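1. Sequence first, then the predicted structure, then my questions.
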Amino acid sequence: MFICHCGINIGGVVNVPDVVKYAMTLPNVVYSEDNLYTCSSEGLSKIKESIGKHNLNRVVVASCTPRTHEPLFRATCEEAGVNKYLFEMANIREHCSWAHMHEPDKATEKAKDIVRMAVAKAHLLKPQEEPEIEVAPAALVIGGGISGMSSALCLADQGFKVYLVEKEPELGGMLRHLHKLYPTMLDASEGLNKIVEGLKQNKNIEVWPSTVVKQVKGFIGNFDVSVQRGNSETANFRVGTIILATGADLFEPVGMYGYKKYDNVITQFKLEQLLRDSQLKKPERVVMIQCVGAREEKGRTYCSRICCMEALKNALLVKELYPETDVYILFRDLQTYGREYEEWHRMAQDRGVRFIKYILEKPPEVVAGHDGKLTVDVYHALLGEQVHIESDLVVLSTPLVQHEDARELSQILKVPLGPDGFFFEAHVKLRPIDFATDGIYVCGTAHSPKNTAESVSQALGVASRAAIPMAAKRLRTEAITAMVDESLCSGCGTCVKICPYGAIEKDEKGVARVTAVVCKGCGSCGASCPEKAITMRHFTDEQVVAQALAALGRAVA
Amino acid sequence: MTAEPKIVAFLCNWCSYAGADLAGTSRIRYPPNIRAIRVMCSGRVDPAFVIRAFEMGADGVLVSGCHPGDCHYVSGNLKAEKKMQNTRKLLKLLGLGPERLRLEWISTAEGAKFAQVATGFTEELRKMEPNPLKAEGNPKAPASTKKVVSEALKKTNVQYCLECGKCSGSCPISKINEAYSPRRTVERFLLGYADKVLYGTDVWTCLTCFTCSERCPSDVRFPEFVRDCRSVASKEVMEELCAHKGVSLSLSRIMTNPNIKQERMGWLPNGAEIPQKSDLLYFVGCLPYFDVVFEDFNLNLLKIPQSVVKVLNKVGIKPAILGNEKCCGHDLLWTGDVENFEKLARMNVADFKETGATRIVTACPECYRTLKKDYAERLGNFDFEVLHFSELLSELVDKGQIRFEGKLPRKMVYHDPCRLGRHMGVYEPPRKVITSIPGVEMVEMDRSRENAVCCGVNAWLSCNKYSKEVQIDRLMEAKATGADLLVTACPKCQIHWKCVTGEKLPVNPEEVTMEMRDLSVLVAEAMHLT
Amino acid sequence: MEVSRSVLVIGGGIAGMQASLDLASRGLKVYLAERTPSIGGRMAQLDKTFPTMDCSICILAPKMIECFRHPNLTILTYSEVQEVSGSAGNFTVKILKKPRFIDEEKCTGCGVCAQNCPVELPNEFDMGIGVRRAIYVPFPQAVPLKYTIDEEHCLKCGLCQRMCQADAVDFNQEPEVAHLNVGAIVVATGFELFDAQRRSEYGYGRYKNVLISLEFERLLSASGPTGGHLLRLSDGRIPKRIAFIQCVGSRSLKGGVSFCSNACCMYATKEAILIREHEPECEVYIFYNELKVFGKGFQDFVTGAQDHWGVKYIRALPGEIAEDSKTGDLTLWYEDTRENATRSMTVDIVVLCPALIPRAANKEVGAILGLELDEHGFFKPKDPLFAPVDTNVPGVFICGYCQGPKDISESVGQASAAAARAAEVIALSASKEVH
């Protein structure tokens, strides 16, 4: 038992010597001392010394929050020969002295309780092992678009083997269909060809076109992947990591704004291809409508990020081709967020492109006009009046949507889809390109709508994430995992459903089995098992209950 | 005179017009040069009508009403007398000759008198030179509206509008006139509704105070856009909105005629040293005319040029002053009359060159902006350094050349005129000058410098209840600082504020009445020169 | 020359930390240089993050500690890069470690020194609305948790030295120069805020209740100067109506910068929701021009703010703000698009969202590294499309806000990208060496 003064942070409020004395009254506490700063090098050496001197096999440090120094003290115990999981901390600073600075007596009593709770748990602690697994230095990249190819190249250059699987006969994804890429206005085909060439020449990359993934078994470092090409040819790979770069599809706005009803209502994507193939006949007045099928009240509620810039880009291209053509863009909120995107907006204004803002509540209407033309009726939100625009070409900007076969893939890989249909990452802010399942990563439009530059950025990002376990070659897995007492398991399957990481499966006997390497130790399974068949290492039911009882002053051991 | 003189006569209905009728009934002969316009009362005759008549080429104007005491409307004729006295002063200044305006009392029974007056006036005019303002040449073809608007859209950045609304949130008029919104006006132009807007009042409502353009993130120079559009907007609408019946604009237009030889130096103080040639030219502006038009305000506007000259002479500077100085053309330019503006500008520049001056100083921010910016941009080849008097004073203070006599222990607040402040960026020199006067405590209004509020009227347009509200609000703000003197560097601001305080006010007059002083007059007083 | 299997990361914010952790976990040695006394950057100053509403420091601190504890990572705080020479695979870097006047080996972070320091001054971490002492840690979760003496304000009274039980105060400490040999460099210098005083019509700096967003964030934070209580700074009153003004200095052709800062519409929405959580009676208005909802989950976040939390959005940027000097209340003027008329609104607090701009110091960093900057001060990517984190100098990479405007999620993703490229370059240089 090491009770810290932490300068006056604890010692100034809690009567530390009193707590030291009290600790000695607790069962099995054979040694108790106080330190000024337990985390100092002096304090740490004292711990090591005492372990040796008093033959300690359990250590409790009563000081600050485990969230800061637990790893430090654990390492210290290991160095002195005590398994790091036989160490427990009692938080008597953040949870005690700092919170009750004006009531030192009560703080001292509370500190004693906290110490008692820690000791109660310490009694029940068992040593734990962190098993090591080997990591296959190979990656599977699913999807051969710009994202898939970029991450493949980056990993290959770092010396890893990459299997690149693409369901279409050619590589390139969406980029094959695009015309020019903003902000540099590079020809999509030019950019694509350069990368495909580089890819084909790279000896570390094995390209599998016309191939789909059929099954994935295993866990990080040891994924067993089965793929199929055509109707018959199958192959199996063993990979350490998997990268999902399956891209996205385009929404077809059937029944909206006269699409498919009138010939001169097309999608932005179609306009892109007409421009690329020099097949756009001179229109008199083009009206582009943004947010078609996106930012809706229900369903596709998200903003597809790239459509505003797409519209600006194509508007400028049309103006370049046919300077006398009028172009109107009907928008809701102009997403010109990139470093130079506002300048594009100015450029469009300079070329005479007209911008009219409309609101969700009063969307535009496309009706037949005279001589085969159309009339676009829009409520001008600012002026508060209806504007009628005659047009011979209406262009609808539609969102990217998830592929139809994504659900199947999400089940094969056991990775989730979010409410917007796109793949759902581990944490939106701090782990945007990892999945919660270790060893699987996501990038590009499979993650969410984005443009080429952003896709490349994320693709390089996953190359870094995937390289980490592969470069390490071996991984120590978490010791704090679930364990199943098979004799108690009734095979109800509750734990299987509840596990967010897919770490539990029912084996051949119908009994739950935990893949320790995938388990993150959250404990949801243990809390739901009706048979008390599952508990968590280092956080067993008994340990948790013992702390509760100790808190209430009931018997400890 | 080779051609016969043309006389325009304003005759009152009850007396003079009937008198003229009688002359006809009685078959009394008189020369046919006279054209009569019936008005109900001679008091109806606005000096602007008279000036307009001369502008349009009349050689003489006759105003005639009932004999004093007999006015059908009690005292309308007395008002006519006062007004025509003033109008004569204007004619004198213009060098047209006050004799060209005759005021007569002719009663219903005085047919003979009428004929006599008509004959005598015609004879007199025959002996004089014809009105130099006879129409010359063919008017220029009107510019293409579409071209003017589309060029203006590009030049003033209106095309870059993001519809953020900062303009409408800054505009002093928008705040109180719901119908007026710079943001919506811009949007209408961008949508192609120019024709509709150009026939409405929106283009004339803008005060051109530059508050919106100061804050606009897209650098949209809305007032300049509006100014450019005014050249193709409806003149009829403008006429309706022009205060004082546009007499000021008439005067400016009259000055474009090279035959006008003004007599405008009467205000010069005794002993003033004004050489023909000098390194520095003092550009006076239209103050001699305003002094007449706004006589009743008792603003003593001529003290401004007098103070400037006294101060300059005191520090050893002998400025040249143009004896036939033309209006700088500011109001013409900002009401869309570019052609006449350019005429005035060219004439002025030619006169500047004659004096050999390299520097020009003026005490009027509108003249300052116009000379320094608009002359230089539109004429090119403008090699003069232009200063506002506050800048020159600031230089002199820095050099230690200004000696103030004794202390002036007053609390004063300075108002930044739009043309000096936001238009030209001159904020510190006036403040430096004021605070260099010993004993002075200077306080600032919350809305000062680039956030100062316009005095409410621009180029005599749209002077209405909204302007009044803006003016009252500003005066209350000035008063609330606790200062007892409001200092400004623009004579127009003073005129507009004085105008509103003379009217029936919706607030307690105590809250808005403040002693006002132009910076030049303040300095001259502090130097004990007045 | 031998290829150095180590990387220098310049900037200890979330991007710099993520790149460092990726590289360190990769087996490369990482030096993380940070100008201020602690890593953490802007994220440490935030209360919560959008759209998840996580407590910012709670998700950040474990990363900070991971950096601290990682055997391959050396954190160099209170340090600045002075010179760089060499080329990809082999750079020589001279780093100046400014003196903290505290022996880091001895300091335990107990805080007795600060409790006794007589000098109090505005706290940079709290954007000047909170206070610190001349001897200080920037914030309680600072990493490393070591005190620093601010030489400029220290009176050299010696009280701290007397009180310190670890004998850690050393007034004679000299600056140290370290020479590092690294294979690649990652720059992640982040952003600073546009000076809102330049938009004088909003009265920032003159009116006590006009705040900028980062100040307001500190007000909302439990670790901030008011302990997370939503109060007016002028009179301690609980506000009943708060207005946000977006785009202060953004999207401007004059008087600001031309680009959109990416995060402000969202963080204003976040702060608005926090206000409604703290004070359900307080009305919140967000005055905006274009609502930037392009990111994952952004639109739903805003819809929730409107429908569930009752935050009101008005599409107009106010023209000006006036203050009632007696009450401190603020009146703003704006054109209300719903009524098509210019209106005024009186509020208790105005929060300005200023543009987030690349640091002025980027010029110096660029000069030292030979990097090209664009007209705004961002580092230029070699190819914005296919080499977004590369620069004109091989072996030097950029990530986070200094590469271009972005939010936390994108910064984290891009940091991994820079790490990948750095690792790639080292691997390629090494393989060339072998051949």
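-> Arrived safely, thanks for sending. Residues are numbered from 1 along each chain as shown, chains lettered A, B, ... in the order given.
2. Phi, psi for residue A:394 please.
-> phi -110, psi 130 (degrees, to the nearest 10).
3. pLDDT at it, what is it?
-> Residue A:394 carries a pLDDT value of 98.
4. Now do the same contact list for it.
-> If you count contacts by C-beta atoms under 8 Å, 6 or more residues apart in numbering or on different chains, residue A:394 has them with A:257-258, A:262, A:264-266, A:286-289, A:366, A:374, A:376. (C-beta placed from N, C-alpha, C; glycine too.)
5. quick one: low-confidence parts of the chain?
-> The chain I'm using is chain A. A:68, A:554-557 (pLDDT under 70).
6. Can you look at chain C instead?
-> C:1, C:433-435.
7. quick check, stretch C:407-426 touching chain A?
-> Yes: residues of stretch C:407-426 contacting chain A under C-beta under 8 Å from any C-beta of the partner chain: C:408-410, C:412-421, C:423-424.
8. Return the member of those residues nearest to residue A:322.
-> Using C-beta to C-beta, the shortest approach to residue A:322 within those belongs to residue C:410, at 36.4 Å.
9. For the stretch 101-250 of chain A, which residues are neighbours of chain B?
-> Residues of the stretch 101-250 of chain A lying near chain B (C-beta under 8 Å from any C-beta): none found.
10. where do the strands sit along the stretch 101-250 of chain A?
-> A:132-134, A:138-142, A:161-165, A:180-181, A:186-187, A:205-208, A:211-219, A:222-229, A:233-239, A:241-244, A:249-250 (DSSP state E, counting those that start in this stretch).
11. quick one on the thing from earlier: just name the closest of the contacts of residue A:394 to residue A:17, please.
-> residue A:289 (76.8 Å).
12. Spell out the secondary structure type for residue A:356.
-> The three-state label given to residue A:356 by DSSP: H, G, I helix; E, B strand; the rest coil is strand.
13. picking that back up, quick check: strands, which of the residues of stretch C:407-426 next to chain A are part of them?
-> Among the residues of stretch C:407-426 next to chain A, DSSP state E puts none in strands.
14. what's the closest of those to residue B:186?
-> The closest of the residues of stretch C:407-426 next to chain A, once distances to residue B:186 are taken by C-beta to C-beta, is residue C:410, at 34.3 Å.
15. can you tell me which residues contact that closest one?
-> Per C-beta under 8 Å, 6+ apart, neighbours of residue C:410: A:432, A:454, A:457, C:295.
16. With mean neighbour count as extra columns, can I get the strands of the stretch 101-250 of chain A in CSV?
-> CSV is the format used below for the strands of the stretch 101-250 of chain A (neighbours: other C-beta atoms under 10 Å in any protein chain shown):
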stretch, mean neighbour count
strand A:132-134, 14
strand A:138-142, 28
strand A:161-165, 24
strand A:180-181, 20
strand A:186-187, 16
strand A:205-208, 20
strand A:211-219, 18
strand A:222-229, 18
strand A:233-239, 15
strand A:241-244, 28
strand A:249-250, 16
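17. Redo those strands as JSON lines? Include distance to residue B:102.
-> Listed next are these as JSON lines, based on distance: least, C-beta to C-beta, whole Å:
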{"stretch": "strand A:132-134", "distance to residue B:102": "116"}
{"stretch": "strand A:138-142", "distance to residue B:102": "101"}
{"stretch": "strand A:161-165", "distance to residue B:102": "103"}
{"stretch": "strand A:180-181", "distance to residue B:102": "79"}
{"stretch": "strand A:186-187", "distance to residue B:102": "82"}
{"stretch": "strand A:205-208", "distance to residue B:102": "105"}
{"stretch": "strand A:211-219", "distance to residue B:102": "106"}
{"stretch": "strand A:222-229", "distance to residue B:102": "110"}
{"stretch": "strand A:233-239", "distance to residue B:102": "110"}
{"stretch": "strand A:241-244", "distance to residue B:102": "99"}
{"stretch": "strand A:249-250", "distance to residue B:102": "86"}
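18. tally of neighbours for whichever residue of chain B sits closest to chain A?
-> Of all residues in chain B, residue B:159 sits closest to chain A, at 4.8 Å by C-beta to the nearest C-beta. Residues near residue B:159, counting by other C-beta atoms under 10 Å in any protein chain shown, number 23.
19. Which parts of the stretch 1-150 of chain C are strands?
-> Under DSSP E, counting those that start in this stretch, the stretch 1-150 of chain C gives strands at C:6-10, C:29-33, C:48-49, C:54-55, C:73-76, C:79-87, C:90-97, C:120-122, C:131-133, C:135-136, C:148-149.
20. Over to the nearest residue to residue A:439 once chain neighbours are set aside: give its phi and psi.
-> Nearest non-adjacent residue to residue A:439, counting by C-beta to C-beta, 6 or more residues apart in numbering or on different chains: residue A:220, 2.9 Å away. Main-chain torsions, residue A:220, degrees, to the nearest 10: phi -50, psi 130.
21. Just give the number of residues close to residue A:220.
-> Applying other C-beta under 10 Å, I find that residue A:220 has 22 neighbouring residues.
22. thinking again about what came up before, quick check: which of the strands of the stretch 101-250 of chain A is nearest to residue C:74?
-> strand A:132-134 (26.1 Å).
23. partners of that closest one, with directions?
-> If you go by DSSP bridges, strand A:132-134 pairs up with strand A:474-476 (antiparallel).
24. is chain C contacted by the helix or strand where residue B:413 lies?
-> In the assignment (DSSP states H and E), residue B:413 maps to strand B:411-415. No: Strand B:411-415 lies out of reach of chain C by C-beta under 8 Å from any C-beta, never closer than 15.3 Å.
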